[in-house]
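>>> sequence first, predicted model second:
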There are 2 protein chains.
Amino acid sequence: MISVDEALERILSYVSVLEPEEKPVLDALGQVLAEEIVAPFSIPPLDNTAMDGYAVQAASTAGASPSSPVELQVVGELAAGYIFEGEVTPGTAVRIMTGAAIPQGADAVVPFEETDEAAHEAPTAARRIQERVRVLKEVRRGANVRRAGEDIREGERVLAAGAVLRPAEIGVLASIGRASVRVIRRPVVAVLSTGDELVEVGEPLPPGRIYDSNVYSLASLVQRYGGIPKVLGIARDTVEALTAKIRQGLDADMLLTSAGVSRGDYDVVKDVLAREGEIDFWTVAMKPGKPLAFGCFHTSGGRRIPHVGLPGNPVSSMVSFELFVRPAMLKMMGKRHWGRPILRAIARERIVNRGEPRRLFNRCVVTEEDGRYYVSLTGPQGSGILSSMVAANALTVIPEGVEVVEAGEEIEVMMLDWSHGEEWGTDRAIS
Amino acid sequence: MISVDEALERILSYVSVLEPEEKPVLDALGQVLAEEIVAPFSIPPLDNTAMDGYAVQAASTAGASPSSPVELQVVGELAAGYIFEGEVTPGTAVRIMTGAAIPQGADAVVPFEETDEAAHEAPTAARRIQERVRVLKEVRRGANVRRAGEDIREGERVLAAGAVLRPAEIGVLASIGRASVRVIRRPVVAVLSTGDELVEVGEPLPPGRIYDSNVYSLASLVQRYGGIPKVLGIARDTVEALTAKIRQGLDADMLLTSAGVSRGDYDVVKDVLAREGEIDFWTVAMKPGKPLAFGCFHTSGGRRIPHVGLPGNPVSSMVSFELFVRPAMLKMMGKRHWGRPILRAIARERIVNRGEPRRLFNRCVVTEEDGRYYVSLTGPQGSGILSSMVAANALTVIPEGVEVVEAGEEIEVMMLDWSHGEEWGTDRAIS
């Protein structure tokens, strides 16, 4: 029997970061940068105005006040995106709109509010600008001027390799003119169920059979965490059927199978897994999800594809995915953290973890009250009871050897969802 | 001037849940169920074994112990997915593998571990099963039997309309044989930037111009929260250009524009927005992001498309999106909660919120230490400084009227990312 931590360590030591790919920036959301991004120019590129108003020499406004305004001659008008061809000299001003480059000679901007331009409307073809403006307040040099390079300086490292591209990073890449970018590609994860009892969803259900839910929940988890699921479906418990299915998955970056890894499972599954690759069958000190297999398949091209053999029980396979496959996928994607948020929460009921020492991942609901977290189990915890996952937003983390937690004691919980799925955005397949 | 809460309330009161669509279950991850799901049969459908072992009548094992085992006649063997045609009678047993239906007559399962079948291997064609088995321990009626309906009972409501489809819900739908499902469709959100100063990424950058980053960050936010972005690009500040672009967006469910909503902005933008629909220009008591417009456009088909006019500054537009557009999108998608996780964190530095009363959303980094949260600002907070969003994982929420927060005081922070983006999965466009 090995510990959860040891199983994870062995799996992680085996998987590597995937190779980079060049992608349009908008298609790379959520992926990890595979290059360092250096600014090819400063942002903003030129000194520009933070306000609508008049670009002036600060010295021209000396002593200005509502009772003794300073009158300046308006020598031009400038919208954002244009360059003023002339120069601002003592006693003159250029009417200027937010974002426009500060004209030559000017060193400050007087906002409309500090002039006699009451309505401060934007110019239209129909309206002539006033020829003179009265300034009601003295301005300092640099007032309302955004300096070139204030956001990003030319030559500066804007994003490090390894950064996750969120909307802000995508925006920054656009601001320096990057249309495409090198990112670590997303893993293709093939998903396969085994078992003569399984029926494909959409087909009629004969007596004694059950619909295969594992391929669905596992493919959804692959999508959820940024991978590209390749659904192989169900393999019957024959050498030919299983071998054929596995070979269909050998163009993937990882292969998941469910069922066929327990001590009592049919030898055909274990035989084929072992013959088509190298596989180690583990007993992990956890509940649910004790049996786990890990190894690799060899392709004809000489590649080695990591293979995780998950248990067949629906809850066991999902929990094992969260603990072992998700970190492996995130590592492949170049992410550097795969820890889940762990909270400390007060048990609302007694939790029992008797029997052989194992870490107990009971399905639970974590709620907050007055700044403290509380945890309730989601009812029966059998590993076949998938509805217990539906009700849950977290898993308990009761350590090996802790046999009983009494109501009112504090335990650790691993959050699966922040606010019970309500936050969910896209989280779906990528073709 | 209106408050942030009032602006959000007005926007939310205007948008409605979109209509449902029928979708394959695996394509519906993250969407909201638009129908109630009732189980058409029980899960598991039949009583079945939780262990590999022998199905027996419990009474047959009375008094069994290692020193005085009870010998039973093995009358058959049963894998999961098959039905035993015969019957278990007193003194007989059926060798049975996990998940297989309990044969008629049997009422308990003796695990291999409690028999003399030491190796308890799965059957192969090459190996004949033993004809007799010795039971080493008495079993109770019902031992190791999973009852039909233990997970889900026929006729029971499995999922309520309004449930968000996570991997567990997808798995449950598959387990009851649902290949497709009715969900609220995702909104198409058209995104448009306005301004003569803007240059499309990929084109050369003339002096005085800047690349349009808003379309990129806003389209990415739309993707992030589960919408389908429709990128309209840049509209020049002319009636013709802007009108043409807006009309391209009228097949969307919502239209976002950025810039053109400040008091000092060019009238052409305001004129066109007002002429093509109804629009109200607001001043919201917040920083960044004071100017905001909200209204609707009318299509030739008589539909009304909500329109949010975001400010032009990159940070202002992103923060305004998070506060106003994200909740509107989630409401359209049928989600019932759009609140962000709000934490209380200790300020590591002085935060000033002087001037007219407004809610201050400074970009900040929240970290945890010994179970307490701490918050640091991400440097200069100018609304043009997009790199301050890159460094951030949260926004401060300093209330209107609170002029100074001293270092060491506790404030509220609105989390944008859990663990600074490292958790990110797919979060990308849907075609």
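Here it is on my side, so go on.
>>> from B:E117, how far out is A:P288?
25 Å (C-beta to C-beta, to the nearest Å). Glycine gets a C-beta too; all of them are placed from N, C-alpha and C.
>>> next: A:S42.
From A:S42 to B:E117 the distance is 77 Å (C-beta to C-beta).
>>> on that earlier part again, neighbour-wise, which of A:P288 and B:E117 wins?
Per other C-beta atoms under 10 Å in any protein chain shown, whichever of A:P288 and B:E117 has more neighbours is A:P288, with 25 against 20.
>>> for the nearest residue to the more buried one once chain neighbours are set aside, which three-state class applies?
Nearest residue to A:P288, sequence neighbours excluded (C-beta to C-beta, 6 or more residues apart in numbering or on different chains): A:S383, at 3.8 Å. For A:S383, the assignment made with DSSP: H, G, I helix; E, B strand; the rest coil gives coil.
>>> pretty sure A:E6 sits in a helix.
Yes: according to three-state DSSP, A:E6 belongs to a helix.
>>> what's the pLDDT at it?
pLDDT, A:E6: 97.
>>> A:T299 too?
With respect to pLDDT, A:T299 scores 86.
>>> next, it: phi, psi?
phi -90, psi 160 (degrees, to the nearest 10).
>>> quick one: residues contacting it.
Contact analysis of A:T299 by C-beta atoms under 8 Å, 6 or more residues apart in numbering or on different chains lists A:250-251, A:305.
>>> distance from stretch A:96-103 to the middle of the chain?
Computed by C-alpha atoms, centre = their mean, to the nearest Å, the chain-centroid distance of stretch A:96-103 equals 37 Å.
>>> then stretch A:76-90?
Relative to where its chain is centred, stretch A:76-90 has its mean C-alpha point 44 Å off (C-alpha atoms, centre = their mean).
>>> again with stretch A:303-310
Taking mean C-alpha positions (C-alpha atoms, centre = their mean), stretch A:303-310 and its chain are 24 Å apart.
>>> contacting residues around that stretch?
A:11, A:14-15, A:214, A:218, A:249-250, A:252-261, A:273, A:277, A:279, A:281, A:289, A:292-299, A:316-317, A:320-321, A:324-325, A:328.
>>> if you set the cut-off to 6 Å instead, what comes out?
A:14-15, A:254-258, A:261, A:293-298, A:317, A:320, A:325 (C-beta atoms under 6 Å, 6 or more residues apart in numbering or on different chains).
>>> ChimeraX command to pick out the buried ones of the residues you listed?
Remark: buried members of the contacts of stretch A:303-310, expressed as a ChimeraX selection using 16 or more other C-beta atoms under 10 Å in any protein chain shown:
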select /A:15,254,255,256,257,258,261,293,294,295,296,297,317,320,325
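>>> next step: the contacts of stretch A:303-310 restricted to helices.
Residues of these located in helices (DSSP state H): A:14, A:317, A:320.
>>> residue ranges with poor pLDDT in the stretch 51-200 of chain A?
A:118-129 (pLDDT under 70).
>>> ranges for the helices of it?
A:167-175 (DSSP state H, counting those that start in this stretch).
>>> which bits of it sit near chain B?
A:52, A:80-83, A:99, A:101, A:120, A:122, A:124, A:146, A:151-152, A:164, A:166-172, A:174-175, A:177, A:179, A:196-197 (C-beta under 6 Å from any C-beta of the partner chain).
>>> ok, of those, which come out buried?
Members of those classed as buried by 16+ other C-beta under 10 Å are A:52, A:80-82, A:99, A:101, A:122, A:146, A:151-152, A:164, A:166-172, A:174-175, A:177, A:196-197.
>>> need the contact list for the closest residue to A:A328 other than its chain neighbours.
Counting by C-beta to C-beta, 6+ apart, A:A328 lies nearest to A:V15, which is 4.8 Å off, once chain neighbours are set aside. Going by C-beta under 6 Å, 6+ apart, A:V15 touches A:306, A:328, A:331-332.
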